[in-house]
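Peer 1: Below are the sequence and a predicted model for it; my questions follow.
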Amino acid sequence: AQKITQTQPGMFVQEKEAVTLDCTYDTSDPSYGLFWYKQPSSGEMIFLIYQGSYDQQNATEGRYSLNFQKARKSANLVISASQLGDSAMYFCAMREGGDYKLSFGAGTTVTVRA
Amino acid sequence: KAGVTQTPRYLIKTRGQQVTLSCSPISGHRSVSWYQQTPGQGLQFLFEYFSETQRNKGNFPGRFSGRQFSNSRSEMNVSTLELGDSALYLCASSLDGQAPSPLHFGNGTRLTVT
């Protein structure tokens, strides 16, 4: 079964607007971590933000924030004030409990328009 | 601090050959993991090493192998290459391989098998 689901293959957003990327996950482990990565066309995976399952508050890192809804098993990424440089593929990923691997979603391509 | 370094960036090999990819983690990081990225299968976990020990292995055939050296540098080897092995191979390092330590990825090695 898919552990991470990203239902939006591609999105367009106007420069300076906010965009929300959806991510739902599936796990029975009470301890897990959720990550978001950005992959520009150059191929490098860039770590953006982390949310732990026991964290009480939603994570924020600059223009990135994570809308964590534990009961719904969703961890949506919000990018505020989009910039042209935000155009990339975005991946949601999860690491469960004592596991050492990340399970990735299929990704969402974001294209920022001027 | 230098990031994760992968060499070479590009490789072209012929079916049946073998290939070795190299990864130097961020200084102080003891966990190194490898991922294969293809358009069809997305990002898939290959294996993870910590202090020269493989702690976790993904669902790949035995032709895929790896190792980690005492300085945390890692190599992965693919023997008897098949066309389907064409992919972007990403190496990632983290402090201990467990959440909340994020994985920091290299630029990847793009392998083309002809």
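Peer 2: Here it is on my side, so go on.
Peer 1: mind checking pLDDT for A:Ala1?
Peer 2: In this model, A:Ala1 is scored at 67, pLDDT.
Peer 1: Revised request: answer the last question for A:Gly97.
Peer 2: Note for A:Gly97: predicted pLDDT of 83.
Peer 1: what about it, how many neighbours?
Peer 2: Using other C-beta atoms under 10 Å in any protein chain shown, A:Gly97 is surrounded by 14 other residues. Every residue, glycine included, has its C-beta placed from N, CA and C.
Peer 1: next one: B:Phe60
Peer 2: For B:Phe60, the count of nearby residues is 16 (other C-beta under 10 Å).
Peer 1: And for A:Lys101?
Peer 2: 22.
Peer 1: which residues touch it?
Peer 2: By C-beta atoms under 8 Å, 6 or more residues apart in numbering or on different chains, A:Lys101 lies in contact with A:95, B:33, B:45, B:48, B:56, B:58.
Peer 1: From these, list just the buried residues.
Peer 2: For those, a neighbour count by 16 or more other C-beta atoms under 10 Å in any protein chain shown gives the buried set as A:95, B:33, B:45, B:48, B:56.
Peer 1: Can you tell me which of these end up in helices?
Peer 2: When helices are assigned by DSSP state H, not one member of the buried ones among the contacts of A:Lys101 lies inside them.
Peer 1: Just give the nearest non-adjacent residue to the closest residue to chain B within chain A, would you?
Peer 2: Going by C-beta to the nearest C-beta, chain B is nearest to A:Gly33 of chain A, at 3.0 Å. In space, A:Gly33 comes closest to B:Ala99 once its chain neighbours are excluded; the distance is 3.0 Å by C-beta to C-beta, 6 or more residues apart in numbering or on different chains.
Peer 1: cool, A:Ser65 as well?
Peer 2: Nearest residue to A:Ser65 in three dimensions, chain neighbours excluded: A:Val78, at 4.7 Å (C-beta to C-beta, 6+ apart).
Peer 1: B:Gln18 and B:Leu90, how far apart?
Peer 2: Between B:Gln18 and B:Leu90 the distance is 20 Å, computed by C-beta to C-beta, to the nearest Å.
Peer 1: Phi, psi for the residue of chain A closest to chain B please.
Peer 2: Phi and psi for A:Gly33, reported as degrees, to the nearest 10, are phi -130, psi 140.
Peer 1: higher neighbour count, B:Gln18 and B:Leu90?
Peer 2: Of the pair B:Gln18 and B:Leu90, B:Leu90 is the one with more neighbours under other C-beta under 10 Å, namely 25 against 11.
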